[in-house]
Every structure is written in structure tokens, then in C-alpha cells.
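[1] Sequence and predicted structure, then a few things I'm wondering about:
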Amino acid sequence: MKQGFFITGTDTGVGKTFMSCALLHHFTQQGYRAVGMKPVSAGCREVDGAWLSEDVEQLQAAGNVGAPLQTVNPYAFEPPLAPHIAAAQVGVEIALDPILQGFKALMQQADIVVVEGVGGFRVPLNATQDTADLAVALGLPVILVVGMRLGCLNHALLTAEAIAARGLQLAGWIANQVDPDMLAFEENLESLQQRLPAECLGIHLHQAVPDWREVNLKVR
Ligand SMILES: Nc1ncnc2c1ncn2[C@@H]1O[C@H](COP(=O)(O)OP(=O)(O)OP(=O)(O)O)[C@@H](O)[C@H]1O
Ligand SMILES: C[C@H](N)[C@H](N)CCCCCC(=O)O
Ligand SMILES: [Mg+2]
């Protein structure tokens, strides 16, 4: 089996990395070679002369295929900003080609490649392209992580609409309770189940100590 997934979310900070790690864990437990990719990361610290993000560290910990940092994360920026702004500050223009090359290399080494997007589905990458264009260029089925909190219904439905508008397949969605005190959790979940045009692959409640090894996903 060779399979890639593009992981998007209803916003930044909703658990895309967390669920990407859960997916990687799910596949490595079944004996597959699985690797995470973070095409663009912002909010990095310098380690041995390279910019390293926590996202990349976590994806590396969850996967079981070693790959060069440049391949796993072609673009890395220090400030925690929208990527096109962080890139402009250091005179860089993000291009899709190096990302596609990295993805191709990872697909040769692994059975499963989990590509984590940046923030929500339409975060700009440069003056003319955004992460939706990246997902299209990669041609991958999309998994939407819904950060369960007030406001997520609108964000989830808009995102599903944008995914369909790009001709991409929404392979499924995952409910991740980022707000431990969310009111009417069950009713919100049901509202999504009734309206999102894809299968719910998992419902994960808020954890005092988050651990992606404890996530249960219905992914084949
Ligand atoms: N179910 C959960 N319970 C408790 N904490 C969680 C849960 N899911 C995620 N978190 C925590 O929330 C924070 C944000 O999650 P994560 O980094 O995966 O978001 P993200 O969507 O990848 O953000 P970014 O847009 O910055 O890449 C992390 O500290 C993560 O450990
Ligand atoms: C730095 C942060 N953790 C994310 N990776 C970047 C999120 C960019 C969001 C841009 C936006 O939609 O306004
Ligand atoms: Mg992340």
C-alpha cells in the first residue's frame, strides 16, 4: 500500500499535528512504514544551524521512517506568523515545487505519508497560492481536523465547501475537543455529523495530558 493524506484543520491550533501523529501511530502499529511531512512551518527555534519546529519534532517522533529535515520540512521560519509574511521577512518566496519534490521522495521511502497543512485550509503561501493549491498539487485526499469549540460549525462547513470546490476528496473528519468546557458537545457533534459530507473518523475528548497514542481512528 502507498497512501498519502493531507491534514487540514478548522484553524491553527486545533490539533492537526496531534492528529497527524495519531494517524502515523495508527499505521506504524499495523506494521506500515509511515512518515510525516510539514511542508511549511513557522514558529521555529534554531537547532544545529537549522530551523526546527515542534510540529516537525512530533511528526518525527510518531513516524518510523527517517528522512532529511529539508525533505520533511522544506520551508521553516522563525516567527510564528502566516507563512507568506514570515517568508517575506527573510526575502524568501515559498514555491510548491520543492514541496512536491520532498513529498515524492518520502513516498518512495514510506507506505504512508501524512502531510500536515498550515493553519486552516486557505492560508496564503505566497502572493498567488495558498495551502488549498498545495493540496491540489499534491493530489491527496484531505482529512479535516475539527477543533471542537464554539465557532467550529461554521469553520468546518466552510472548509468542507472549499475542499469540494477544489475538486478534492474529503476522506473524513476528526472531532478533537480543544475546549474542555465546550457546552452542548454532543449536539455540536451531531450537527457536524448531519452536515459534513464525509465520515467521522474519530472523536477525541480533551485530555489533561494530551497523548496521540490514545486516539482511536477508523482509517483503513
Ligand atoms: N484533545 C486534546 N486534548 C488536549 N490537548 C490537545 C488535544 N488536541 C491537541 N491538543 C494540544 O493543543 C495544542 C495544539 O495542537 P496542535 O499543535 O496539534 O495544533 P495544530 O493544528 O497542529 O496547530 P498549528 O496550526 O500551529 O500547526 C497542542 O499543545 C496539543 O498537544
Ligand atoms: C505559526 C502557527 N503555529 C501556524 N503554523 C501558522 C498559522 C497561520 C495562520 C494564518 C491565518 O489564517 O491568519
Ligand atoms: Mg501543527
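    In hand now; what should we look at? Ligands and ions are numbered 1, 2, ... in the order given.
[2] Run through the residues of this protein sitting next to ligand 1.
    Residues of the chain lying close to ligand 1 by C-beta under 6 Å from any ligand atom are 9, 12-18, 55, 119, 176-178, 204, 206-207, 210. In this view, the C-beta of every residue, glycine as well, is placed from N, C-alpha and C.
[3] which ones among those come in contact with ligand 3?
    Lys16, Thr17, Asp55 (C-beta under 5 Å from the ion).
[4] Among those, which lie within helices?
    In helices, defined here by DSSP state H, the members of those are Lys16, Thr17, Asp55.
[5] hang on, the earlier thing: put the buried members of the residues of the chain next to ligand 1 into a PyMOL selection.
    Selection of buried members from the residues of the chain next to ligand 1 for PyMOL, criterion 16 or more other C-beta atoms under 10 Å:
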select buried, resi 9+12+14+15+16+17+18+55+119+176+177+178+204
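[6] rewinding a little: rebuild the ones in helices among the ones next to ligand 3 among the residues of the chain next to ligand 1 as JSON lines, extending it with pLDDT.
    Below are these laid out as JSON lines (pLDDT from 0 to 100):
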{"residue": "Lys16", "pLDDT": "99"}
{"residue": "Thr17", "pLDDT": "99"}
{"residue": "Asp55", "pLDDT": "98"}
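[7] Need these in CSV (columns: distance to ligand 2).
    Converted to CSV, those look like this (distance: C-beta to the nearest ligand atom, whole Å):
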residue, distance to ligand 2
Lys16, 9
Thr17, 9
Asp55, 7
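[8] Fine, thanks again, bye for now.
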